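Visitor: For reference, the sequence and a predicted model appear below.
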Amino acid sequence: MTPEEHLRDADPVLGRVMDQMVGPPPRLPPDPALAGDPDIPKDNYGVLVRAIVSQNISIHSSRAIFRKLKDRFGGRLPTPEELLADDPEQLRPAAGLSRAKTVSLRSLADCILAGRLDLDALNELPDDEVIGQLDVVKGIGVWTAQMFLMFHLHRPDVLPTGDLELRRSVERAYGLAARPTPAELTRLAEPWRPYRTLACLYLWQLAEQAPRL
């Protein structure tokens, strides 16, 4: 049974969502369409730097700032040592970073160098332990860690219950009176296991095709 077949059998409402998709269905990461994108880092460190840079801004702005950051270091990402050695008051305007993101990047570098974050170990850790490891970095919360799990480590059963767009889409698809709480979403999504990541991709795609509630 494919993941799509499992979701259809497990949840008829989600099955109807899948049938109503406009355009190609979402793919579980890694998406081959993004494989050659030079703006998408391939290593754990680069992905986390990009995740920090990208928080709460558009994709266009994220790419621009990420490139400025690399330009400051000769067209490549700075090492953790270089990030901490750079003057944050100069780095921030040069790369177009906010103060909070500058603090977060420096925290990431400090956690790596101090041994509080073992980037190489993340690939083998269970999902909850990856989230716990990343939570030591200022500015990397549960949601960012979950996106790291889904789109970089390609974990198939991640449910970001705090994602507002996902909760909006579930409210619409299931005819709920209000957006589900994280606890309610967890209960509703139980039948999707072990493919909650794919279910989320379908519901996010539904959100993109519909006006905001």
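Guide: Great, that's in hand.
Visitor: contacting residues around the helix or strand where residue 45 lies?
Guide: Secondary structure from DSSP states H and E places residue 45 in helix 44-54. Contact with helix 44-54 is made by 39-41, 62, 65-66, 69, 77, 80, 97, 101, 104-105, 108, 112, 119-120, 122-123, 134, 137, 139-140, 144, 147-148, 152, as judged by Cβ atoms under 8 Å, 6 or more residues apart in numbering. Glycine gets a C-beta too; all of them are placed from N, C-alpha and C.
Visitor: just the buried members of these?
Guide: 40-41, 62, 65-66, 69, 77, 80, 97, 101, 104-105, 108, 112, 119, 122, 134, 137, 139-140, 144, 147-148, 152 (16 or more other Cβ atoms under 10 Å).
Visitor: Mind checking which of those residues are in helices?
Guide: 62, 65-66, 69, 80, 101, 104-105, 108, 112, 134, 144, 147-148 (DSSP state H).
Visitor: what residues go with each domain of the chain?
Guide: 3-28+157-209, 44-151 (automatic domain parsing).
Visitor: and the end-to-end length of the shortest one?
Guide: Right, the one you point to is domain 3-28+157-209. Distance between the two ends of domain 3-28+157-209: 22 Å, counting by Cα to Cα, to the nearest Å.
Visitor: mind listing what the spatially closest residue to residue 199 that is not a sequence neighbour touches?
Guide: Using Cβ to Cβ, 6 or more residues apart in numbering and skipping residues adjacent in sequence, the residue nearest residue 199 is residue 192, 4.2 Å away. Residue 192 is in contact with 7, 10, 11, 14, 159, 198, 199, counting by Cβ under 8 Å, 6+ apart.
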